Every structure is written in structure tokens, then in C-alpha cells.
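Engineer: Let me see the structure of the following:
(one chain, ligands or ions: 1)
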Amino acid sequence: VSALNLPSSHLYEKLAGEVAGQIQSGVFRPGDRLPSVRHISRQKQLSISTVLQAYQTLEDRGVIEARPQSGYYVRYQRQASAALSEPRASTRGLKPEAVNLGDLTRRVLDDASQPGLVQFGAALPAAELLPGVRLNNLLARQARSGRVLPHQMGTAQGCPELRIQAARRAFLAGASLDPDGLIVTNGCTEALHLALRAVCSPGDLVAIESPTYFGILQVLESLGLHALEIPCHPRQGMRLDILQSCLERFTVRAVVAVTNFSNPLGCCMPDEHKHQMVEMLSRLQIPLIEDDIYGELAFGERRPLVARSFDLNGNVILCCSFSKSLALGFRVGWMDAGRWTEEVKRLKIATSLFSPLLPQLALAEFLETGGYDHALRRMRRTYAMRTAQMGASVLRHFPAGTRVSSPDGGFVIWVQLPEEVDSLDLYKEGLSSGITLAPGYLFAPGARYRHYIRLNAAIMSIETEWAVQRLGMLAGKLMSRQENR
Ligand SMILES: Cc1ncc(COP(=O)(O)O)c(C=O)c1O
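Structural biologist: Prediction:
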């Protein structure tokens, strides 16, 4: 039947069904732009209004979205079944604890630099999505220009050009920052270090997310600070009700939170929760140290706000970095230390004087001349797909009872194994098969997550499916070994 002979209500329904089918079969993926209304109208000999109606129908159903002056795009969707298999949050045994990760972190990071291993261990971004060659060329160009020479001294705050670019990025996350107040650091790690040193003294108690990124635990450990775990909701991040009751019971000196796409859960604190948290902590005069390293890697349409955007009195210290989205090896991060800015500048000088200048200039030029947003769009789309694929693959190959996070951004997944499987045993078995992973012991001060693992989904290759299958088989073996004891 020629499309032209059908009544127009059928025509647009038919077209909507066709487009939905193409999305379902992966021809158009989340974030992809659909063919323009005009293009489809010409190609299928349908009126503009029929095509528009088809697109609007899909928009009403939440399958696609219109972007002003740009067209229609496939929406990122959380799978309806995802919530059923998410790891559960634990709320038991919350008490202050000293941190002692031993040398496990170093071992996991050492594995990450070994060639030939399947890299599920460290949270490394996918090289093919980063503008590595361009950045190297810019670095070389800056070096050739002679603008900065090896003997030259930099300032503790870092290059003004980069600070302006950082402030522009922060503006897109809702925060109006003064570039003169920003401090360039050696990655987010140094920013977190400086922030905690500025607001705490050895022996103090710091509230952290549970599970949390092991680098935060390492900083606590190195500064002699104690940790108080606040459980995270698998999609909304730190539980504010529990935080509030803990703040009433314990003397907490600071709160550290990865508000947007936490590591390892990949969850994003809703903006209204950020607002509430900022108000609660400001009232109690407890500083919030916000780590926003994954904020730009949102799978959804909107880049979430930073908690710093709700801060009225400099009580939030914002720590960021380009490690995940541009150049891990450049070691360039930055921070806005709010009312601790002068103290942090002093600490920066005492710690490392200033950060290397050439990488800062190369990054500033890259950010100024464009291409970053384009690269980000590709990363966001690809990581949405890869985390979903890896999650599905884990559920296919791991023993029954395994649960997997469904991140909204970033590129890691968090896997809850059956109780019988110890993540350290699986780490060792995986390594002897050439596969690395991050055992759950790294993500809390105690052994709360002994049967969890974190997998990096960013780096995909032809080996990925095999490696997940192999890990699943090893987990199954460990499980039956335990059951037969
Ligand atoms: C949440 C979080 N913060 C900070 C870092 C470290 O950042 P950088 O490499 O910029 O020091 C990481 C790295 O994995 C991370 O996941």
C-alpha cells in the first residue's frame, strides 16, 4: 500500500513506528540526531506536518527530544528493568573508622599500567575518544612558541587563560566563579588533598559517600583523618536523612561528595538534594568538598548542576579536573576553595609551588578554540552505550544473584556479587587470566564491600565480552568452591 493512500493519522503512526523500530534496533542510538523533518518528508513523500506529527508522537512517548534550532534527538533511557538488578545500599554499622587500605590501591594501579592486560581495574578513559594528537600538537606548539621556558617560574594559582576556561565550564554547571579565585592543581587528587588539609586537622572526622572512590580514602589515610560512611542511594547519591542524623551524633569536620556520577556507583544527586545539602552544611558551618570530575560526562541531555551553584557563602570547595574528559597524563585539575582560598594558596605553595605550565596552556588553547563540546558529546553517547552493554554482559555471564549498577554518567559499573564470592579472590583469579578489576575492599574503610567489584566500561575491545564471560565463570567457580566447604 502506498503511504500516500493512507489517511494521515495512519501515516504519522506508521512513520513513528518505523523510527521507533530503528531506535530499538540500534540504528539510531541515544544522543544521535534523527534525519531532519524536511529530509524525511522529501525522501518518503510525506507532508512536513505528517513527519512533524510522527516526531511529536515519539517526543510525547519520551523516546526522542526536540532541541531548539538543532532538530530531534534520541533520548537516553534508563532500562525499565535496571532498578531490579541494582546493588542494594547498606545502612548497617555506621561508625567513625580509621582508614587503612594497605598496598591494595598501589597494586591495582600498577596493574593498570601493565600492557597486555584487559583493563577493567582503573577508571581510565577510552583513548580513541580523546583529542590526544591535537593536545600533543598544541603542547608542542606552546613549547616552540617560547612563551614559557623551562627555567621560568609559575604562580601558585596557575595560568589565567586556563582559569578563565575553567570558569566558563563551571558556568555551564550553574556556578559563577571568579577566575582570579581559582587555583590550578596537579589533578583532582591534589585539589582534594589541599581542600582537606585546609579544613581539617589530623584525627578529625570526615563524612564520605559509601561506597566511595578509593583516592578519597587514600587522602584521608595520608592526612590521618577518620571516615564516617554515609550510605548512597543507587541513583540519588548520599542519603541526606542519614547524613543529617550523623551530623547530630558526631563531630564532623567536612563532608566529601562526588555529587555528579559518583565513583563507583555512577549515580547523580538530584539538584534539589544538592541545594538541601548545601543549606544544611552551611547552617552547621561544615564545609562541603565537592568532587565534580565526572560532571561533564552525563548520559542525559542536561549537564547536572554542581552543589557549588547553590552556595551563597563560600562553604563549598569545588574540585575538578580534565583527567577523565581530556588528558589524564597532563595532571591538570583546578579548584575553587571558597572562603579557604587564601589558606589553599599557601598550602599549594608548600606542596608543589605551582603546576607545570605547558599542559595548562595547551589545555587552555584547546578549550578556547573549540572542539571540546563535540568530543564530550561523543564520549557521553559512547559511555552510555558501553556501560549498558557491560552491565548486560555481566548479568548474562555472572552467577545468579549478581546485581549491577545502572550509571547515569561516567564510565564505571559497580557489581554486587553473591555473598560467597570474595572480590579479592576474584581479583587474583582474574589477574592470572590477564584481566584486571577493582576489588570492593578499596571502596570503604572496612570490608563492607568484600563481595563487590568495580569494572571500567570505557575501554572496549574485541576481548571485552570474552573477559566478562571469563570473570563470570571464575566467580561461579569461587562460589561453588565456597559452597562445597
Ligand atoms: C571521583 C574521582 N575523583 C578524583 C579522581 C582523580 O583525579 P585526577 O586524575 O585528576 O587526580 C578520580 C580518578 O579516578 C575519581 O574517580
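
Engineer: all contacts plus neighbour counts: C-alpha atoms, from now on.
Structural biologist: Will do.

Engineer: which residues touch the closest residue to the ligand within the stretch 1-150 of the chain?
Structural biologist: The ligand sits closest to Ala123 of the stretch 1-150 of the chain, with a gap of 5.2 Å, by Cα to the nearest ligand atom. Applying Cα atoms under 8 Å, 6 or more residues apart in numbering, we find Ala123 in contact with Phe411, Val412, Asn456, Ala458.

Engineer: interface residues of this structure facing the ligand?
Structural biologist: Residues of the chain lying close to the ligand by Cα under 6 Å from any ligand atom are Ala123, Gly187, Cys188, Thr189, Tyr213, Val258, Asn263, Ile293, Ser321, Ser323, Leu328, Gly333.

Engineer: about what we covered before: and the furthest pair within the contacts of Ala123?
Structural biologist: With distances taken as Cα to Cα, the most widely separated pair in the contacts of Ala123 is Val412 and Ala458, at 7.2 Å.

Engineer: Now the common contact residues for the two.
Structural biologist: Shared contacts of Val412 and Ala458, defined by Cα under 8 Å, 6+ apart, comprise Ala123, Thr387.

Engineer: the more surrounded of the two?
Structural biologist: Just comparing Val412 and Ala458: by other Cα atoms under 10 Å the higher neighbour count belongs to Val412, 31 against 26.

Engineer: Hmm, that one is touching Phe261, no?
Structural biologist: No - Val412 lies out of contact with Phe261 (Cα atoms under 8 Å); the separation is 9.5 Å.

Engineer: Just the buried residues of the residues of the chain next to the ligand.
Structural biologist: Ala123, Gly187, Cys188, Thr189, Tyr213, Val258, Asn263, Ile293, Ser321, Ser323, Gly333 (16 or more other Cα atoms under 10 Å).

Engineer: Mind checking which of these land in helices?
Structural biologist: Gly187, Cys188, Thr189 (DSSP state H).

Engineer: which secondary structure elements does the strand ranked longest in the chain contact?
Structural biologist: Longest strand in the chain, counting residues (DSSP state E): strand 226-233. Contacts defined by 3 or more Cα pairs under 8 Å, 6 or more residues apart in numbering; DSSP states H and E place strand 226-233 against strand 97-98, strand 205-210, helix 214-222, strand 237-238, helix 240-249.

Engineer: can you rerun that using 10 Å?
Structural biologist: On a contact count with 3 or more Cα pairs under 10 Å, 6 or more residues apart in numbering; DSSP states H and E, strand 226-233 meets strand 97-98, strand 205-210, helix 214-222, strand 237-238, helix 240-249, strand 254-257.

Engineer: returning to that earlier point: and the residue of the stretch 1-150 of the chain closest to the ligand, how far from Glu221?
Structural biologist: In this view, Ala123 and Glu221 are 21 Å apart by Cα to Cα, to the nearest Å.

Engineer: so who does the closest residue to Ile459 other than its chain neighbours touch?
Structural biologist: Leaving aside its sequence neighbours, Ile459 sits nearest to Ala126 (Cα to Cα, 6 or more residues apart in numbering; 5.0 Å). Shown in contact with Ala126 (Cα atoms under 10 Å, 6 or more residues apart in numbering): Lys324, Ser325, Met379, Thr382, Tyr383, Phe411, Asn456, Ala457, Ala458, Ile459, Met460.

Engineer: Now do the same contact list for the closest residue to Ala298 other than its chain neighbours.
Structural biologist: Distance criterion Cα to Cα, 6+ apart; nearest residue to Ala298, sequence neighbours excluded, is Gly409 at 4.3 Å. Residues near Gly409 by Cα under 10 Å, 6+ apart: 260-263, 265-268, 294-300, 303, 380-381, 383-384, 387.

Engineer: Leu265 now?
Structural biologist: Leu265 neighbours (Cα under 10 Å, 6+ apart): 86-87, 210-213, 232-237, 404-415, 454.

Engineer: from these, which would you call buried?
Structural biologist: 86-87, 210-213, 232-237, 404-415, 454.

Engineer: returning to what we had before: closest one to Tyr427 out of the contacts of Ala123, please.
Structural biologist: For the contacts of Ala123, the nearest to Tyr427 is Asn456 (13.7 Å; Cα to Cα).

Engineer: correct me, but that closest one touches Met390?
Structural biologist: Yes - assessed by Cα atoms under 10 Å, Asn456 is found in contact with Met390 at 9.0 Å.

Engineer: picking that back up, out of the contacts of Ala123, list just those in strands.
Structural biologist: Val412, Asn456.

Engineer: can the contacts of Ala123 go into JSON lines with extra columns for pLDDT?
Structural biologist: Below are the contacts of Ala123 laid out as JSON lines (pLDDT from 0 to 100):
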{"residue": "Phe411", "pLDDT": "97"}
{"residue": "Val412", "pLDDT": "97"}
{"residue": "Asn456", "pLDDT": "97"}
{"residue": "Ala458", "pLDDT": "97"}
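
Engineer: For burial, what's the neighbour tally of Glu18?
Structural biologist: Per other Cα under 10 Å, the neighbour tally for Glu18 reads 13.

Engineer: Only the buried residues of the helix or strand hosting it, if you could.
Structural biologist: Counting by DSSP states H and E, the element that carries Glu18 is helix 8-24. Using 16+ other Cα under 10 Å as the test for burial, helix 8-24 gives Ser8, Leu11, Tyr12, Glu13, Leu15, Ala16, Val19, Ala20, Ile23.

Engineer: quick one: low-confidence parts of the chain?
Structural biologist: Within the chain, the stretches with pLDDT under 70 are 1-9, 77-84, 90-93.

Engineer: Please identify the deepest-packed of the helices and strands packed on strand 226-233.
Structural biologist: Mean neighbours per residue, mean count of other Cα atoms under 10 Å, is largest over the helices and strands packed on strand 226-233 for strand 237-238, with a mean of 28.
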